[in-house]
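Participant: Sequence and predicted structure are below.
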Amino acid sequence: MIDTILKLDGLSKSFGAVRAAKDVRLDLRPGEIHALIGPNGAGKSTLIQLTAGGLQPDAGVVRFAGRDVTQLSMVGRARAGLGRTFQISALPMEHTVLQNAVLGSLGQSGRVMRFFNSVMTDRALKERAMAALERVELADHAKTRTADLSHGQRRQLEVGVALTLEPKAFLMDEPMAGLGAEGSKRLTGFLDTLRHEAPILLVEHDMDAVFSLADRISVLVYGEVIATGTADEIRSDPRVREAYLGENAA
Amino acid sequence: MIREWQVNAAIMALLLAVPLWALVADEPFTITLTTRAVILALAAVGLNIALGLGGLVSLGHAAFFGIGGYAMGILAHHAQTYTPVMEWPFLIEGTKSMPLIWVTAIVTSALAALLIGLLSLRTTGVYFIMITLAFGQMFFYFAISWPAYGGEDGLSIYLRNDFPRLNTLRPMPFFVICYVILALALLVSWRIAKSSFGLALAAARQNEVRVRTVGIDPYRLRLFAFVISGAITGLAGALFADLNRFVSPTMFSWQMSGEFIVFIILGGVGRLFGPVVGACLFVILEHWLGGVSDYWLIFLGAILLLVVLFARGGLIGGLAGREVAHD
């Protein structure tokens, strides 16, 4: 309890008759990767929105970094230290890679309301941005327009911008999506070390990545967490096999 | 390809050369025409901060233009009739001093932008356009139905207002005043675009969720942008009224707001000098084609269509190519 950074406590959310989240309990501890898996329509997107502050739950509490953030907006939770990446890259496409990273540094610095400074020559902001870009291997593309990046590079930039925030926890929505085998493998390696800086709540379809990375896995089916456990426990859980993994899981 | 700053410098030089030539050639009307272009450009430079940088398509910027105009009209009207603007709760006298009028125009239009922005920025897209239009029309009908300041007929000011040590009645000194203010507004606009605020505002235009995700509130950014934008357009309104020595509800009309948007689209949305080029082209067409046919706006429409279809980035984009990213 003391050790959890993020805790979803009894979250419920309905859209009309559809119960997208039913009494979801889930926590994220320091140094771990907690993967959330589930078939399409299981309510993963809803749960991400509830965690990030894009949706308000009908019931339940979100605790983050030692406080109740249920009432906080997306902006408030980002400031509290939640670093989010998107399944479909959400990046200002006209901006350069560096501008995107500087925007992250700027958000982290909290000093946005400066009207006459020269943001792209601010040393502190730029250093933080470049450091993050180097870690996601985009330093050489700093001056490239984001629209001109390949799909894989945009995925890297998604992670890079999250790094500039120096978050207390990451919330990653399918970071491997569309990366291909090689890219997927490299990002897996990177996330493996990243977990020691800040724990990761990872929503991912790539089962190889999930089972090789995750310390714990939670399985979401019809808005309910039907099982939480280590990779081995999840593999052998009969309910999970029935609901989700099917015959190929062994 | 010509660099954008070279195009900009050429435009600034040309804007100064034309009235200088007119001064030598004794063509005072050309100076007045250029002054008109400069003032309309200033109004659109204001709008461009909201529209170009912030992506806020305001169809109500005539409200600020009109407020600036009436700030001038009301203050000068009371000065020329030797009556106070108000006596209670405190005495406010009229004035013929341009700097005082400008400050009043800036402050009142900024306040109006704050109020309009607080309400309208809760919406986006078409709803935002409609709400700003509605606010603009509110001011329009208010001005029409306010008999104290001329109602539908507007207010005439007999003499142009005063600026220390300049004879503002002559076209050239007044042009210089307007030109310098435009240059300052462009400088402010340029600095803002390069600032922390400008980066975040431009990012919010392109991807609002991203800005929220890095912990920045887009509503606050847009509200500030809208206020700065409204203040600059308001200042342009005061100068426009001084140019014509006349204020009328037409300054509040939605056609006025539409024209500002047209300037920006013609010149290039979000480009520093887009509104300047657009306003100049508009005034030139209005003058020349207006002499040829009463239906000159048809030609303007055709040009606008061509620009939208074939020159992404407007005329500036056509001359200087795609916007280079900030270094």
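Facilitator: Here it is on my side, so go on. Numbering: from 1, shown residues only, chains lettered A, B, ... in the order given.

Participant: name the element the residue in chain A that chain B sits nearest to belongs to?
Facilitator: At 3.0 Å from chain B, A:Gly107 is the closest residue in chain A, using Cβ to the nearest Cβ. Heads up, the C-betas are built off the backbone N, CA and C, glycines and all. Per DSSP states H and E, A:Gly107 falls inside helix A:97-109.

Participant: about what we covered before: what number of residues lie near the residue of chain A closest to chain B?
Facilitator: 25 (other Cβ atoms under 10 Å in any protein chain shown).

Participant: if I read this right, it contacts B:Asp217, doesn't it?
Facilitator: No. With contact defined as Cβ atoms under 8 Å, A:Gly107 and B:Asp217 do not form a contacting pair (10.2 Å).

Participant: which residues touch the closest residue to chain A within the stretch 51-200 of chain B?
Facilitator: Distance from chain A to each residue of the stretch 51-200 of chain B (Cβ to the nearest Cβ) is smallest for B:Ser196, at 4.4 Å. With contact set as Cβ atoms under 8 Å, 6 or more residues apart in numbering or on different chains, B:Ser196 has these partners: A:106, A:111-115, A:117, A:119, A:122.

Participant: try B:Arg36
Facilitator: Neighbours of B:Arg36 in contact, by Cβ under 8 Å, 6+ apart: B:240, B:243, B:283.

Participant: quick one: it from B:Asp242, how far?
Facilitator: Relative to B:Asp242, B:Arg36 is positioned 12 Å away (criterion: Cβ to Cβ, to the nearest Å).

Participant: Specify the local secondary structure of residue 226.
Facilitator: Just going to use chain A. What DSSP: H, G, I helix; E, B strand; the rest coil gives for A:Ile226 is strand.

Participant: Counting neighbours, what do you get for it?
Facilitator: Count around A:Ile226 with other Cβ under 10 Å applied: 17.

Participant: Next one, pLDDT for it please.
Facilitator: pLDDT for A:Ile226: 92.

Participant: got it, and B:Leu223?
Facilitator: For B:Leu223, the predicted pLDDT is 98.

Participant: do the same with B:Tyr295
Facilitator: 88.

Participant: Counting neighbours, what do you get for B:Ile261?
Facilitator: By other Cβ under 10 Å, the burial measure for B:Ile261, its neighbour count, is 21.

Participant: Can you give me the distance of it to A:Met172?
Facilitator: Distance from B:Ile261 to A:Met172, by Cβ to Cβ: 41 Å.

Participant: Spell out which residues make up each domain of chain A.
Facilitator: When chain A is parsed with automatic domain parsing, its domains come out as A:1-81+A:169-250, A:90-166.

Participant: Any chance of those in CSV with distance to B:Leu114 as columns?
Facilitator: As requested, the domains of chain A are exported to CSV (distance: least, Cβ to Cβ, whole Å):
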stretch, distance to B:Leu114
domain A:1-81+A:169-250, 21
domain A:90-166, 15
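
Participant: B:Gly55 is nearest to which of those domains?
Facilitator: domain A:90-166 (11.0 Å; Cβ to Cβ).

Participant: Can you show me the strands along the stretch 101-250 of chain B?
Facilitator: With DSSP state E, counting those that start in this stretch, the ranges of strands along the stretch 101-250 of chain B come out as B:155-156, B:246-247.

Participant: wait, which of these is closest to A:Ile48?
Facilitator: Using Cβ to Cβ, the nearest of the strands of the stretch 101-250 of chain B to A:Ile48 is strand B:246-247, at 54.6 Å.

Participant: quick one: buried residues of the lowest-mean-pLDDT helix or strand in chain A?
Facilitator: The helix or strand with the lowest mean pLDDT-type score in chain A, counting by mean pLDDT, DSSP states H and E, is helix A:238-240 (a mean of 86). Neighbour-count burial for helix A:238-240, counted by 16 or more other Cβ atoms under 10 Å in any protein chain shown, picks out A:Val240.

Participant: what's the spacing between the residue of the stretch 51-200 of chain B closest to chain A and A:Gln99?
Facilitator: 12 Å.

Participant: Equivalent analysis for B:Val211, please.
Facilitator: For B:Val211 relative to A:Gln99 (Cβ to Cβ), the value is 12 Å.

Participant: more crowded one of these two?
Facilitator: B:Val211 (28 against 24).

Participant: circling back to that earlier point, tabulate the strands of the stretch 101-250 of chain B (CSV), appending mean pLDDT and mean neighbour count.
Facilitator: Output for the strands of the stretch 101-250 of chain B, formatted as CSV (pLDDT from 0 to 100; neighbours: other Cβ atoms under 10 Å in any protein chain shown):
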stretch, mean pLDDT, mean neighbour count
strand B:155-156, 94, 18
strand B:246-247, 96, 24
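
Participant: Surely A:Ala231 and A:Asp208 touch.
Facilitator: No. Between A:Ala231 and A:Asp208 there is no contact under Cβ under 8 Å: 11.2 Å.

Participant: out of these two, which sits in the more crowded spot?
Facilitator: A:Ala231 (16 against 13).

Participant: What parts of chain B come near chain A?
Facilitator: B:191-192, B:194-200, B:202-203, B:205-207, B:209-217, B:220-221, B:224, B:228, B:323, B:325-327 (Cβ under 8 Å from any Cβ of the partner chain).

Participant: wait, what's in contact with B:Leu16?
Facilitator: By Cβ under 8 Å, 6+ apart, B:Leu16 lies in contact with B:Tyr179.

Participant: Next up, phi/psi of A:Trp70, please.
Facilitator: Trp isn't right for residue A:70; it's Thr. phi -50, psi -40 (degrees, to the nearest 10).

Participant: which residues of chain A fall in strands?
Facilitator: With strands called from DSSP state E, chain A shows them at A:6-15, A:18-28, A:33-37, A:59-64, A:67-68, A:82-85, A:169-173, A:200-203, A:216-221, A:224-229.

Participant: Stretch A:172-189 near chain B anywhere?
Facilitator: No. Figure legend: stretch A:172-189 not in contact with chain B (Cβ under 8 Å from any Cβ); closest approach 11.2 Å.

Participant: Only C-alpha atoms, please: export that stretch in PDB.
Facilitator: Extracted C-alpha coordinates of stretch A:172-189, given in PDB (Å, rounded to 0.1, in the frame of the first residue of the first chain):
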ATOM      1  CA  MET A 172       1.900   3.800 -22.200                       C
ATOM      2  CA  ASP A 173      -0.900   2.900 -24.700                       C
ATOM      3  CA  GLU A 174       0.500   0.300 -27.200                       C
ATOM      4  CA  PRO A 175       3.900   1.800 -27.700                       C
ATOM      5  CA  MET A 176       4.800  -1.100 -29.900                       C
ATOM      6  CA  ALA A 177       1.900  -0.600 -32.300                       C
ATOM      7  CA  GLY A 178       3.100  -0.800 -35.900                       C
ATOM      8  CA  LEU A 179       6.800  -0.900 -35.000                       C
ATOM      9  CA  GLY A 180       7.800  -4.100 -36.700                       C
ATOM     10  CA  ALA A 181       9.900  -6.900 -35.200                       C
ATOM     11  CA  GLU A 182      13.200  -5.000 -35.000                       C
ATOM     12  CA  GLY A 183      11.700  -1.800 -33.600                       C
ATOM     13  CA  SER A 184       9.600  -3.700 -31.200                       C
ATOM     14  CA  LYS A 185      12.700  -5.500 -29.900                       C
ATOM     15  CA  ARG A 186      14.600  -2.300 -29.400                       C
ATOM     16  CA  LEU A 187      11.800  -0.600 -27.600                       C
ATOM     17  CA  THR A 188      11.400  -3.700 -25.400                       C
ATOM     18  CA  GLY A 189      15.000  -3.400 -24.400                       C
END
